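Asks: return a 3D structure for these sequence lines:
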Amino acid sequence: MSAPAPASSALLAWYDRHARELPWRIGPAAIARGERPDPYRVWLSEIMLQQTTVAAVKDYFAKFIAAWPTIEALAAASEDDVLKAWAGLGYYSRARNLKKCADAVMEGHGGRFPHTAAALRDLPGIGDYTSAAIAAIAFGEAVPVVDGNVERVVTRLHAIDTPLPAAKPEIRRLTAAMLDPARSGDFAQAMMDLGATICTPKRPACLHCPLRDGCRALDGGDPERFPVKPPKKAKPVRRGAAYVLTNRDGAFLLEKRGTTGLLAGMTQVPTTGWTARTDGATGTAEAPLPGADWIGCGTVTHVFTHFELRLDVYRAEGDMLPAAHQWWSAADTVGGEALPTVMKKVLGLAIAHESEHDLT
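Replies: Residues are numbered from 1 along each chain as shown. This next block holds a predicted model:
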């Protein structure tokens with residue numbers, strides 16, 4: 001086996017001293033003693049961390065591990081329960097794929113994750129990055145793991161002028177050339193930690209970076225110029241309406257969204273037919289109880305990946321027989337429903353508006 005590159009040795013020496021303590025991670029000292037990370041925890045954390053920060057994930061990870069400490073337990077859970085536990089974390093297809101992947105591991109692999117990135121990619125919800133991360137961290141496969149933090153470190157280290165995403169193949173090649181095959185998992189996490197704590201998007205702490213001596217961006221005096229990104233496109237704005245109906249007991253009328261499309265399978269208050277591509281009605285003509293006295297509460301705004309949604313919110317009191325996909329949720333239990341963040345905003349606005357109205 002060839003000796004690791006000098007940059008890798010410097011990085012790993014830094015990681016041995018400064019590795020972040022994370023609830024899903026086994027530190028470098030434990031790895032050196034022969035302990036191995038739990039593939040289930042590695043997989044769960046990597047799925048949660050997609051498009052999400054470590055700070056946001058910690059509490060969700062703890063909740064999932066408490067409810068479903070093993071892949072067997074998660075596979076035995078219902079999708080509805082998984083969605084409820086995931087509510088608020090966003091990108092809800094991840095939660096549905098989480099359940100599908102747990103089922104696939106149990107049914108097709110006897111409850112054990114495959115050990116290679118190539119085999120892991122065949123599982124639901126696991127792409128190139130996640131498969132490499134699990135394979136390197138949990139099983140020690142010598143594969144490059146490239147997330148946004150690693151892209152930033154490598155583009156600065158080599159002053160790569162090619163904009164993202166076109167630069168990705170070059171970044172992957174250079175990352176592979178750097179890694180230490182004997183410590184592939186530690187190397188992957190060291191690169192992530194370096195990007196998260198030292199080589200940050202703004203005001204990087206270059207003085208403390210273990211790779212500063214070979215960093216071409218630092219030599220050029222402008223590390224923040226990298227990675228180079230194409231100009232951002234303006235997000236389209238979609239409109240719609242949401243209806244918060246309460247009955248005489250104070251319960252809220254909720255419904256389950258369809259099984260496909262944005263927020264599939266999640267819980268919402270009734271809304272008009274907005275989508276990522278089309279607007280919905282913004283008045284009360286499509287409200288679930290047409291004879292009720294619908295009161296406008298204002299507008300909530302929520303930014304999705306590809307568009308911005310603005311929902312005009314109306315509230316009313318009344319009783320009705322729910323449709324097959326609807327139900328009444330008591331005020332003291334509605335918080336445990338599988339409500340995405342945008343629907344929590346809707347309910348919050350309606351409740352605040354009612355409270356203000358009661359005080360006047």
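Asks: how many neighbours does residue 62 have?
Replies: If you count neighbours by other C-beta atoms under 10 Å, residue 62 ends up with 12. In short, each C-beta sits where N, CA and C put it, glycine included.
Asks: that's a helix at it, yeah?
Replies: Yes: using DSSP: H, G, I helix; E, B strand; the rest coil, the secondary structure at residue 62 is a helix.
Asks: how near is it to residue 41?
Replies: In this view, residue 62 and residue 41 are 11 Å apart by C-beta to C-beta, to the nearest Å.
Asks: and the next element down the chain from the helix or strand hosting residue 196?
Replies: Residue 196 belongs to helix 184-197 when assigned by DSSP states H and E. Counting by DSSP H and E, the next helix or strand C-terminal to helix 184-197 is helix 216-219.
Asks: what comes into contact with that next one?
Replies: 155-159, 206, 209, 212, 223, 225-226 (C-beta atoms under 8 Å, 6 or more residues apart in numbering).
Asks: of those, buried ones?
Replies: Buried by 16 or more other C-beta atoms under 10 Å: 155-159, 209, 212, 223, 226, out of these.
Asks: filter the residues you listed down to the ones in helices?
Replies: The members of these that map onto helices under DSSP state H are 155-158.
Asks: and those residues, which is closest to residue 13?
Replies: residue 157 (16.6 Å; C-beta to C-beta).
Asks: can you verify my assumption that that closest one contacts residue 214?
Replies: Yes: taking contacts as C-beta atoms under 8 Å, residue 157 lies within contact range of residue 214: 6.6 Å.
Asks: now do the shared contacts for these two.
Replies: Taking C-beta under 8 Å, 6+ apart as the contact rule, residue 157 and residue 214 both touch residue 7.
Asks: who does the helix holding residue 196 touch, helix- and strand-wise?
Replies: Packing partners of helix 184-197 (3 or more C-beta pairs under 8 Å, 6 or more residues apart in numbering; DSSP states H and E): helix 6-18, helix 28-32, helix 128-139, helix 148-158.
Asks: what's the least confident stretch among those helices?
Replies: Per-stretch averages of pLDDT across these put helix 28-32 at the bottom, with a mean of 86.
Asks: closest one to residue 231 among the helices and strands packed on helix 184-197?
Replies: Across the helices and strands packed on helix 184-197, residue 231 has its closest neighbour in helix 148-158 (17.3 Å, C-beta to C-beta).
Asks: which of the ones in helices among the buried ones among the contacts of helix 216-219 sits closest to residue 16?
Replies: Once C-beta to C-beta is applied, the member of these that ends up nearest residue 16 is residue 157, at 20.0 Å.
Asks: what about the strands in the stretch 201-350 of the chain?
Replies: 237-246, 252-256, 267-268, 295-303, 308-317, 326-329 (DSSP state E, counting those that start in this stretch).
Asks: if you count neighbours, what's buried in the last one?
Replies: Of the residues in strand 326-329, those with enough neighbours to count as buried (16+ other C-beta under 10 Å) are 326, 328-329.
Asks: for residue 51, give me phi and psi.
Replies: phi 60, psi 20 (degrees, to the nearest 10).
Asks: domain map for the protein?
Replies: With domains defined by automatic domain parsing, the chain comprises 6-225, 237-359.
Asks: and these as JSON lines, adding distance to residue 231?
Replies: Output for those, formatted as JSON lines (distance: least, C-beta to C-beta, whole Å):
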{"stretch": "domain 6-225", "distance to residue 231": "9"}
{"stretch": "domain 237-359", "distance to residue 231": "16"}
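Asks: would you mind finding the most buried of those domains?
Replies: Across the domains of the chain, averaging neighbours per residue (mean count of other C-beta atoms under 10 Å) puts domain 6-225 on top, at a mean of 18.
Asks: I'd like to know which of the strands of the stretch 201-350 of the chain lies nearest to residue 124.
Replies: Judging the strands of the stretch 201-350 of the chain by C-beta to C-beta, what sits closest to residue 124 is strand 252-256, at 21.1 Å.
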